[in-house]
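Asker: A predicted structure for the sequence below; I have some questions about it.
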Amino acid sequence: MTDLFHLNGIRKIHTKGRESVRIFDDLHLRIPEGDFSAVMGPSGSGKTTLLNLLGGIDQPTSGELFFRKEQLDRFSERNLTSWRARNVGFIFQSYNLIPVLNAAQNIELPLLLTKLSARERQRNVETAMDIVGLGHRARHYPKELSGGQQQRVAIARALVADPNILLCDEPTGDLDRTTADEILQILQLLNRQMGKAIVMVTHDPAAAAYAKRVLQLDKGQFVGQAGHA
């Protein structure tokens with residue numbers, strides 16, 4: 001199976017003043033096209049740093065980071081920004097919706113950086129809202145939506161530019177079990193029926209069970225892997 005991402009010998013050091021913190025040292029990972037991986041591990045193990053590297057928000061200190069045949073660790077900040085807009089959708093625990101914008105306007109935000117016309121942007125927004133089952137809530141503001149509905153808006157926003165991969169940081173952490181399962185079923189559908197690759201950081205074994213495989217990260221290294229049907 002073709003790799004979407006290949007991390008080879010990744011080293012990552014965060015520097016705070018005179019103090020240096022080593023997050024990764026010689027980290028290796030392959031993420032195939034169409035993969036759905038859940039990343040689990042204790043706090044401080046490097047889970048969020050991994051998402052930031054995959055999303056082009058952060059760069060490794062050394063090592064090689066490939067997306068298909070492109071070596072991202074050699075990209076300029078400007079090229080990374082352009083690459084990220086085309087290829088990556090982010091979903092966070094706290095939704096990160098803008099309160100003064102309605103659902104449709106929040107979803108449209110990533111498209112404002114593209115060359116799409118207003119009509120094309122509207123069509124993309126409507127498609128994304130239909131996928132997450134929120135077409136009837138387009139004009140509602142975040143305060144008028146439940147937590148589950150706000151996360152559906154966040155998923156639609158992540159989808160609206162048709163990215164290759166979705167990076168999810170505790171996407172169900174603030175939700176009750178029933179609502180969390182509804183969100184996870186949407187992610188599973190996006191993976192199985194639309195071929196979206198997904199990397200999801202979670203502390204919840206019930207959430208991880210929706211993934212194709214579970215990667216255990218501890219002290220900056222992968223220490224285990226388990227697969228699901």
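Answerer: Good, I have the coordinates. Residues are numbered from 1 along each chain as shown.

Asker: quick check: which element contains the residue most central in space within the chain?
Answerer: The centre of the chain sits closest to residue 167, judged by CA atoms, centre = their mean, with a distance of 1.1 Å. Using DSSP states H and E, residue 167 falls within strand 165-169.

Asker: do the same with residue 215
Answerer: strand 213-218.

Asker: strands paired with that strand, and their directions?
Answerer: Strand pairing for strand 213-218, using DSSP bridges, gives strand 36-40 (parallel), strand 221-227 (antiparallel).

Asker: ok, back up a step: which residues sit against the helix or strand following the strand holding residue 167?
Answerer: Next in sequence after strand 165-169, counting helices and strands by DSSP H and E, comes helix 177-194. Under the contact criterion CB atoms under 8 Å, 6 or more residues apart in numbering, helix 177-194 has outside partners 34, 36, 131-133, 146-148, 151-152, 155, 159, 166, 168, 171-172, 175, 196-198, 200, 204, 206-207, 210, 212. Bear in mind the C-beta positions are built from the backbone N, C-alpha and C, glycine included.

Asker: and the angle for helix 177-194 with strand 36-40?
Answerer: Interaxial angle, helix 177-194 versus strand 36-40 (axes from the mean of the first three to the mean of the last three CA atoms, to 10 degrees): 140 degrees.

Asker: the inter-axis angle of helix 177-194 versus strand 165-169?
Answerer: Going by the same axes, to 10 degrees, helix 177-194 makes 160 degrees with strand 165-169.

Asker: what about helix 177-194, average pLDDT?
Answerer: Taken as a whole, helix 177-194 has an average pLDDT of 94.

Asker: mind listing residues that contact the worst-scoring helix or strand of the chain on mean pLDDT?
Answerer: Counting by mean pLDDT, DSSP states H and E, the chain has its least confident helix or strand at strand 221-227, which shows a mean of 82. Outside strand 221-227, the residues that touch it by CB under 8 Å, 6+ apart are 24-25, 27-29, 212-217.

Asker: filter the residues you listed to the buried ones?
Answerer: Buried subset of the contacts of strand 221-227 (neighbour count, 16 or more other CB atoms under 10 Å): 24-25, 27, 29, 212-217.

Asker: looking at those, which is nearest residue 43?
Answerer: Minimum distance to residue 43 across the buried ones among the contacts of strand 221-227 is 11.0 Å, recorded for residue 217 (CB to CB).

Asker: picking up where we left off before, adding pLDDT, write the contacts of strand 221-227 out as JSON lines.
Answerer: Formatted as JSON lines, the contacts of strand 221-227 follow (pLDDT from 0 to 100):
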{"residue": "24", "pLDDT": "93"}
{"residue": "25", "pLDDT": "91"}
{"residue": "27", "pLDDT": "93"}
{"residue": "28", "pLDDT": "94"}
{"residue": "29", "pLDDT": "94"}
{"residue": "212", "pLDDT": "95"}
{"residue": "213", "pLDDT": "95"}
{"residue": "214", "pLDDT": "95"}
{"residue": "215", "pLDDT": "95"}
{"residue": "216", "pLDDT": "94"}
{"residue": "217", "pLDDT": "93"}
